[in-house]
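Student: my questions concern the predicted model and sequence given below.
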Amino acid sequence: MTETHSAQNESQDHPTGFHPVRKQPSLISRIIHGPQKPSPPSSHSESPELPALSDLKFTGYSDSTRHRLLDPELAHNIRNLMPPRLQLYNEWELVYSMDQHGISLNTLYRHCDPEFQRHQLKLRKSKIHEEKGYAEDVVKNMVTFSAHEHNKGQRPHGYVMVIQDEKKNRFGCYLNEHLRATDHKRYYGNGECFLWKCEWYDENKRTGSEGEPHQKERFKAFMYTGMNDNMVYSNHDFIAIGSSHGQNGLWLDKALYSGVSYPCETFGNEILNEPHDNKEKYGKFKVMGLEVWRVGALD
């Protein structure tokens, strides 16, 4: 089950009761040209059908990683809300995992940096090319070096953060820019960013059925409202996503040990780690798992 919360503005082409006047052909024109035939409907009025998106492929998990937070259903729900240009990428790469890379905010920032990711990609490619011979690589690099340097950083990227707390709740965010430590208190990101949560609910209670509680998960997303532009602020002490009146939609501490979620005006979100009918003003949680995924190719 998927729910999306967003601010929508309705508009009308003409004021109520007003219709544009259509110019009628003159009597002489009707005699010469005959009666007018209705024009065929414009092909531009019909939106072309978009091709079906291919299945997603997840890369970056090591064989020893047991706690994997992202699954195809969750990724599909997030993908449907990303910009169309990024929905076309069917391969998501794990750039940071608390389970694989350790618990460190600085490590998270380093692994989220596209330059670091390019360096890692270059190392992986160099190992593959070792068997092909030195001469072949030199010629190939001479041909492609200029193009790669020119296009560096031009490809669109998106980043998905997935958090799991001590109650096995999953929640997080989609960001149009990579997380990084900023020296000045300046927010970054744009209206493509959003918060999301997977909420547990009792299916029997929802349908009015009797029997033992039947817990299921539903996906909820909280899109940019336009109320303010406080999308992302991150430094060496914390990560904050969304903000209003000093309260953050999602906040993580320096140790990546604990966090807080408040409703905030930036995204109009519920508390991410609590059910929607919870009466608390905010939710505290312990971070038991954290992953950051890059959507979009490096080269």
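Tutor: Structure's in. What do you need? Bear in mind that the values here come from a model prediction, so they are computed numbers and not experimental data.

Student: only C-alpha atoms from now on, for both contacts and neighbour counts.
Tutor: Noted.

Student: so V95 is in which element?
Tutor: Here V95 is covered by strand 91-97, with elements defined by DSSP states H and E.

Student: dump the residue contacts of W293.
Tutor: W293 makes contact with W92, E93, L94, V95, Y96, Y159, V160, M161, according to CA atoms under 8 Å, 6 or more residues apart in numbering.

Student: who's in contact with the second one?
Tutor: Taking CA under 8 Å, 6+ apart as the criterion, E93 is in contact with F58, T59, G60, W293, R294, V295.

Student: any idea what the nearest residue to the third one once chain neighbours are set aside is bridged to?
Tutor: Nearest residue to G60 in three dimensions, chain neighbours excluded: L94, at 4.8 Å (CA to CA, 6 or more residues apart in numbering). On the basis of DSSP bridges, L94 is bridged to W293.

Student: what's around L94, how many residues?
Tutor: Using other CA atoms under 10 Å, L94 has 21 other residues around it.

Student: ditto for the one 5 residues further on
Tutor: Other residues within reach of D99 by the criterion other CA under 10 Å amount to 18.

Student: surely it meets H67?
Tutor: Yes. With contacts defined as CA atoms under 8 Å, D99 counts as touching H67 at a distance of 7.2 Å.

Student: before we move on, back to that, can I have the buried ones of the contacts of E93 as a PyMOL selection?
Tutor: Buried members of those, defined by 16 or more other CA atoms under 10 Å, are picked up in PyMOL with:
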select buried, resi 293+294+295
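
Student: rebuild the contacts of E93 as CSV, extending it with pLDDT and distance to N106.
Tutor: What follows is the contacts of E93, written out as CSV (pLDDT from 0 to 100; distance: CA to CA, whole Å):
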residue, pLDDT, distance to N106
F58, 97, 24
T59, 96, 22
G60, 95, 19
W293, 99, 16
R294, 98, 17
V295, 98, 21
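
Student: farthest pair in the contacts of E93?
Tutor: G60 and V295 (12.4 Å; CA to CA).

Student: so where do the helices sit in the stretch 101-250 of the chain?
Tutor: Using DSSP state H, counting those that start in this stretch, the helices of the stretch 101-250 of the chain run over 105-112, 114-129, 134-151, 203-207.

Student: of these, which shows the lowest average pLDDT?
Tutor: Summarising mean pLDDT across those, the least confident stretch is helix 134-151, with a mean of 45.

Student: who touches both of D99 and H67?
Tutor: G289.

Student: all strands of the chain, in order?
Tutor: Along the chain, the stretches classed as strands by DSSP state E are 2-5, 57-59, 91-97, 158-165, 170-175, 194-202, 215-223, 232-234, 238-244, 247-253, 258-261, 283-295.

Student: the fourth one pairs with which strands, parallel or anti?
Tutor: If I follow you right, that is strand 158-165. strand 170-175 (antiparallel), strand 283-295 (antiparallel).

Student: give me the contacts around that strand.
Tutor: Counting contacts by CA under 8 Å, 6+ apart, the residues outside strand 158-165 that touch it are 69-70, 86, 169-178, 273, 285-296.

Student: list the contacts of R180.
Tutor: R180 makes contacts with Y109, R110, C112, D113, S234, N235, as judged by CA under 8 Å, 6+ apart.

Student: just these now: which is nearest T266?
Tutor: Nearest to T266 among these, counting by CA to CA, is S234 at 15.9 Å.

Student: which residues does that closest one bridge with?
Tutor: Under the criterion used here (DSSP bridges), S234 is bridged to I239.
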